[in-house]
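Asks: Mind looking at a prediction? Sequence and model below.
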Amino acid sequence: MGWAIAVHGGAGDISRSLPHDRRQPREEALRHCLQIGVEALESNLPPLDVVELVVRELENIPHFNAGRGSVLTSEGTVEMEASIMDGNTMRCGAVSGLTTVVNAVSLARLVMEKTPHIYLAFDGAEQFAREQIHLHCRIFQGVEIVDSSHFITPENVERLKLAKEANRVQIDYNAQPIQNDTKKEKPCANGDSQIGTVGCVAVDSHGNLASATSTGGLVNKMSGRIGDTPVIGAGTYANELCAVSATGKGESIIRGTVARDVAALMEFKGLSLKEAADCVVHERTPKGTVGLIAVSAAGEVVMSFNTTGMFRGFATEDGYSEVAIWSDAQVE
Amino acid sequence: MGGWAIAVHGGAGVDPNLPPQRQEEAKQLLARCLNLGISSLHSNASAIDVVELVVRELETDPLFNSGRGSALTENGTVEMEASIMDGPKRRCGAVSGLTTVKNPISLARLVMDKSPHSYLAFSGAEDFARLQGVEVVENEYFITPENVGMLKLAKEANTILFDYRIPTNGYDTCGAGVESPMKMNGLPISVYAPETVGCVVVDKEGRCAAATSTGGLMNKMTGRIGDSPLIGAGTYACELCGVSCTGEGEAIIRGTLAREVAAVMEYKGLGLQEAVDFVIKNRLDEGFAGLIAVSNKGEVAYGFNCNGMFRGCATEDGFMEVGIWE
């Protein structure tokens, strides 16, 4: 039994004909973030610190839907959310509706550690971030504020445009379907796209567990929409048995209390980590809606999804590591 | 068993010194809401309609902490939140950070029925409310003089008032067996510490539903979200049961309390009361909370690990009870 870590960059309808220039940077990014997590675990950093560190890195990379690179609301703005949970103490923190905080996961951690609350959102969360920075320094415990344009990428501006067009097309029965342009990613009419949420779960060799998840949410979402990512028990969960981070259709993950259910199946039905994850993903949620990564106190890892693909990677202390997108396409 | 069942709550954790008059007022309100739900069930309303109806009534009455009568934020304003869940397909709707919507639970229902999402908050939720044409009022409408006084005292004591948490050292909060230094109008402050409200129903067809609504914690940070709008924490309903929780929000979130009741029924095969008892006993570490629940078999149950919970329950066979204490 040793440490284990898994990361994800979102589950969804990821076409197998995803062009190389869309695929390679993300695989590279996952490898890079995984490596950061591995080094952190090897230097005995607690899993809570590890998952925060890794998710910060994922947030900073514009290829994923979190932090910089977040998808846009229907108003063309970003509203970011995240949560983090410590398996030992079951303490947790969550934030929603962030527009200027560079690393949502770090603010979630600050909420957990510096307030009597678990969850802060919108203006209140932004105000809290400013107060902390004002009290301390320009960057406090990883919380930094920038102009919200920092987070917006041209790809996401385009994604929003396509999503809005697709909505119009859906309503107009006579319209021609949008031509597939294989050079661009085609978002589905409901705003789904190939990039999802990001997350990290980790366990050290003592069985300490932690989980963190972060996202910009759904393309073209209504302003004020909150998904599964900041909802403890839905997108994120950790206790003494396992740590779970989910991704996919937020509404399905909320209704399915996905992250909590994996742990509940292990606890109440005695299922193994893999059995529990597979049960939740393949039997308890509709196809095409969810993916998750999970680690157990015993150092096991599972990455399960019922979508076409999930950007993911994992590594264990025995030296094994893997980055992948689809279920049988493995990447060195 | 079988048949319909309904339970309502007005919050867990009650000052044992609560004046008889306040107790009476609370019980009357609970009874009135129960009866409202019961007559609705008699006219074959579905569970989801009944829970919304009853919680609307609780929100409108200023006695408990929801809608009018909500606890105040640190800024002296009201930020309300609520969630509703329909057991059969586990559809759900939630709202947070409402400042002008007269009945948050109805907006939560509209999020569930009329939006592509499950959860809307703050100005986005307020915009949606206007699009839907729900009744909106000035924020002042929700603020009661009692709560203004409570906030002042809470600030003086520099504490957030939990729902009647019984303290280990009593000088900064109020609770059982402690001579509280904080009084307002001659009554201990905890009299005014407000609660969450909720309702769970199973209708004649065996469909379960749950709804919870609150103003949150007195003196909370603006933007703070508690357990009430979080599906799986404060509210949950599925084929088997409907659950609504109240108490220390942070403990309820950590314990995913409402989901837990359903999970032990489903995964451990426990009956409703067993499940409720199990969850209250094992899932709350040092936190204080209570919950009400109904099962698809027409059973009703409640549990709490603190000193009292305002509640009422009734079943189709004529059973009806309103209570505060054990």
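Replies: Thanks, I have the structure now.
Asks: Tell me which residues of stretch B:112-124 come out buried.
Replies: Neighbour-count burial for stretch B:112-124, counted by 16 or more other CB atoms under 10 Å in any protein chain shown, picks out B:M112, B:S115, B:H117, B:S118, B:Y119, B:L120, B:A121, B:F122, B:G124. All C-beta atoms are positioned from the backbone trio N, CA, C, and that covers glycine.
Asks: Any idea how many residues pack against whichever residue of the stretch 51-200 of chain A sits closest to chain B?
Replies: In the stretch 51-200 of chain A, the residue that lies nearest chain B is A:G124 (1.4 Å; CB to the nearest CB). Taking other CB atoms under 10 Å in any protein chain shown as the criterion, the count of residues near A:G124 is 26.
Asks: And for the one 10 residues further on?
Replies: If you count neighbours by other CB under 10 Å, A:H134 ends up with 10.
Asks: Do a quick rundown of the helices in the stretch 151-300 of chain A.
Replies: Listed in chain order, the helices of the stretch 151-300 of chain A (DSSP state H, counting those that start in this stretch) span residues A:154-171, A:250-255, A:258-269, A:273-278.
Asks: Kindly report the same for chain B.
Replies: Across chain B, reading from the start of the chain, the helices by DSSP state H fall at B:20-42, B:47-60, B:104-114, B:122-132, B:145-157, B:249-254, B:257-268, B:272-282.
Asks: Lowest average pLDDT across the ones you listed?
Replies: Sorting these by mean pLDDT places helix B:145-157 lowest, at a mean of 87.
Asks: Pull out the buried residues from that one.
Replies: Neighbour count says helix B:145-157 has B:E146, B:N147, B:M150, B:L151, B:L153, B:A154, B:A157 buried, by 16+ other CB under 10 Å.
Asks: mind putting the residues you listed in CSV, distance to chain A included?
Replies: Output for the buried residues of helix B:145-157, formatted as CSV (distance: CB to the nearest CB, whole Å):
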residue, distance to chain A
B:E146, 23
B:N147, 19
B:M150, 17
B:L151, 16
B:L153, 18
B:A154, 12
B:A157, 14
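Asks: just checking, what packs against the one helix or strand A:E131 maps to?
Replies: Taking DSSP states H and E as the definition, A:E131 sits inside helix A:122-135. If you count contacts as 3 or more CB pairs under 8 Å, 6 or more residues apart in numbering or on different chains; DSSP states H and E, helix A:122-135 packs onto strand A:92-98, helix A:104-114, helix B:122-132.
Asks: Please list the outside residues in contact with it.
Replies: Contacts of helix A:122-135 with the rest of the structure, by CB atoms under 8 Å, 6 or more residues apart in numbering or on different chains, involve A:95-101, A:107, A:110-111, A:114-115, A:120, A:139-141, A:143-145, A:224, B:97, B:121-123, B:221-224.
Asks: Just the buried residues of that helix, please?
Replies: Counting neighbours by 16+ other CB under 10 Å, helix A:122-135 gives A:F122, A:G124, A:A125, A:E126, A:F128, A:A129, A:Q132, A:I133 as buried.
Asks: which among the residues you listed gets closest to A:E28?
Replies: Closest to A:E28 out of the buried residues of helix A:122-135 is A:A129 (30.4 Å), distances taken as CB to CB.
Asks: Quick check: the gap between A:D278 and chain B.
Replies: Using CB to the nearest CB, to the nearest Å, one obtains 15 Å as the distance from A:D278 to chain B.
Asks: Please identify which helix or strand holds the residue nearest to that residue when sequence neighbours are not counted.
Replies: Counting by CB to CB, 6 or more residues apart in numbering or on different chains, A:D278 lies nearest to A:S304, which is 5.6 Å off, once chain neighbours are set aside. Taking DSSP H and E as the definition, one finds A:S304 inside strand A:301-305.
Asks: Tell me which strands the very next helix or strand once past that strand pairs with, and in which orientation.
Replies: Moving toward the C-terminus from strand A:301-305, the next helix or strand (DSSP H and E) is strand A:309-316. Based on DSSP bridges, the strands next to strand A:309-316 in the sheet, each with its direction, are strand A:4-12 (antiparallel), strand A:321-324 (antiparallel).
Asks: B:G271 and A:L265, how far apart?
Replies: Per CB to CB, to the nearest Å, B:G271 is found 20 Å from A:L265.
Asks: the more surrounded of these two?
Replies: Summary of the neighbour comparison: B:G271 and A:L265, criterion other CB under 10 Å, with A:L265 having more neighbours (25 against 14).
Asks: show me the contacts for the more buried one.
Replies: Residues near A:L265 by CB under 8 Å, 6+ apart: A:L271, A:E275, A:A276, A:C279, A:V280, B:Y267.
Asks: Tell me the buried residues within the residues you listed.
Replies: With neighbours counted by 16+ other CB under 10 Å, those contain buried members at A:L271, A:A276, A:C279, A:V280, B:Y267.
Asks: A:A315: which of those residues is nearest?
Replies: Proximity to A:A315 was ranked across the buried ones among the contacts of A:L265 by CB to CB; first place goes to A:A276, at 21.3 Å.
Asks: Spatially nearest residue to the closest one, not counting backbone neighbours?
Replies: Nearest-residue entry for A:A276: A:L265, 3.8 Å, with adjacent residues in sequence omitted and distances by CB to CB, 6+ apart.
Asks: What segments of the stretch 151-300 of chain B are strands?
Replies: Secondary structure of the stretch 151-300 of chain B (DSSP state E, counting those that start in this stretch): strands located at B:183-184, B:187-188, B:197-202, B:208-214, B:224-225, B:235-237, B:241-247, B:289-295, B:300-304.
Asks: now those strands in JSON lines, with mean neighbour count?
Replies: As requested, those are arranged in JSON lines below (neighbours: other CB atoms under 10 Å in any protein chain shown):
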{"stretch": "strand B:183-184", "mean neighbour count": "13"}
{"stretch": "strand B:187-188", "mean neighbour count": "18"}
{"stretch": "strand B:197-202", "mean neighbour count": "35"}
{"stretch": "strand B:208-214", "mean neighbour count": "33"}
{"stretch": "strand B:224-225", "mean neighbour count": "30"}
{"stretch": "strand B:235-237", "mean neighbour count": "34"}
{"stretch": "strand B:241-247", "mean neighbour count": "33"}
{"stretch": "strand B:289-295", "mean neighbour count": "30"}
{"stretch": "strand B:300-304", "mean neighbour count": "24"}
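Asks: May I ask you to confirm that A:A297 is in contact with A:D204?
Replies: No - using CB atoms under 8 Å, A:A297 and A:D204 do not qualify as a contacting pair, with a distance of 9.9 Å.
Asks: Between those two, tell me which one has more neighbours.
Replies: A:D204 (23 against 20).
Asks: Pull the number of nearby residues for the closest residue in space to that one that isn't next to it in sequence.
Replies: Leaving aside its sequence neighbours, A:D204 sits nearest to A:W3 (CB to CB, 6+ apart; 4.9 Å). A:W3 sits with 25 neighbouring residues when counted by other CB under 10 Å.
Asks: can you check A:H20 too?
Replies: The burial metric for A:H20, expressed as a neighbour count using other CB under 10 Å, is 7.
Asks: Same question for B:G269.
Replies: 11.
Asks: now it: how far from B:A94?
Replies: If you measure B:G269 against B:A94 using CB to CB, the figure is 29 Å.
Asks: Low-confidence ranges, chain A, go.
Replies: A:137-140, A:168-195, A:328-332 (pLDDT under 70).
Asks: same thing but 80
Replies: Where chain A drops to pLDDT under 80, the residues are A:1, A:135-141, A:168-196, A:328-332.
Asks: Just give me the residue right at the centre of it.
Replies: The centre of chain A sits closest to A:V198, judged by CA atoms, centre = their mean, with a distance of 2.5 Å.
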